[in-house]
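**Q** Here is a sequence together with a model predicted from it:
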Amino acid sequence: MSNTATASFTLDSWDEDEWQESPDGMKFSRASVTKTFSGELEGTSRAQFLFAYGQGGAGYVGHERLDVAVNGNKGTFVLQHQAVGLISDEGGAEWHIVPGTGTDDLAGIQGTATMRKLPEGGHTFTLTYEILDEIA
């Protein structure tokens, strides 16, 4: 049975460095990001992302390691990020928990996370997950 945990988060740091720009307006960069979560999921995270920016669009990939308590279960796990869209998008994204990355009370965790941008500039984060006793 799936469980959910909802939280808000703040971006504590966003250090983005451009590593290539082409004459046609394409730009590539990498970012180191830290966040703090509060709600049913509480704790912090560190992430590394790679971005590609085009004319009006962008895409990114990356991994984020969360050190959190989820509904009272403490541990760590890794989210894999991948998204593409228009730079003007107000939507959000869905990410996946990397299998086998859960530790401590979160060992065996699997599932997805969604992020939605709020009109006033904040973010909501929802984790839909199961914690399995054994990983096949």
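**A** In hand now; what should we look at?
**Q** The nearest residue to G54 once chain neighbours are set aside and T103: what is the separation?
**A** The shortest distance from G54 to any non-neighbouring residue, by C-beta to C-beta, 6 or more residues apart in numbering, is to M26 (5.8 Å). The way it works is simple: take the backbone N, C-alpha and C, and place the C-beta from them, glycine included. M26 sits 38 Å away from T103, going by C-beta to C-beta, to the nearest Å.
**Q** hmm, back to that, burial count for the residue nearest to G54?
**A** 12 (other C-beta atoms under 10 Å).
**Q** ok, it - contacts?
**A** Listed by C-beta atoms under 8 Å, 6 or more residues apart in numbering, the contact partners of M26 are A52, Y53, G54.
**Q** Could you tell me how many residues sit around the closest residue to A7 other than its chain neighbours?
**A** Spatially, and ignoring its direct neighbours in sequence, A7 is nearest to G39 (3.4 Å; C-beta to C-beta, 6+ apart). By other C-beta under 10 Å, the residues close to G39 number 13.
**Q** Looking at this protein, which strand is longest?
**A** Secondary structure of the chain per DSSP state E: the longest strand is strand 3-21.
**Q** And for the helix or strand that it is followed by, what's in contact with it?
**A** Next helix or strand after strand 3-21 toward the C-terminus (DSSP states H and E): strand 27-39. With contacts defined as C-beta under 8 Å, 6+ apart, strand 27-39 is touched by 5-21, 43-53, 62, 64, 66, 68, 125.
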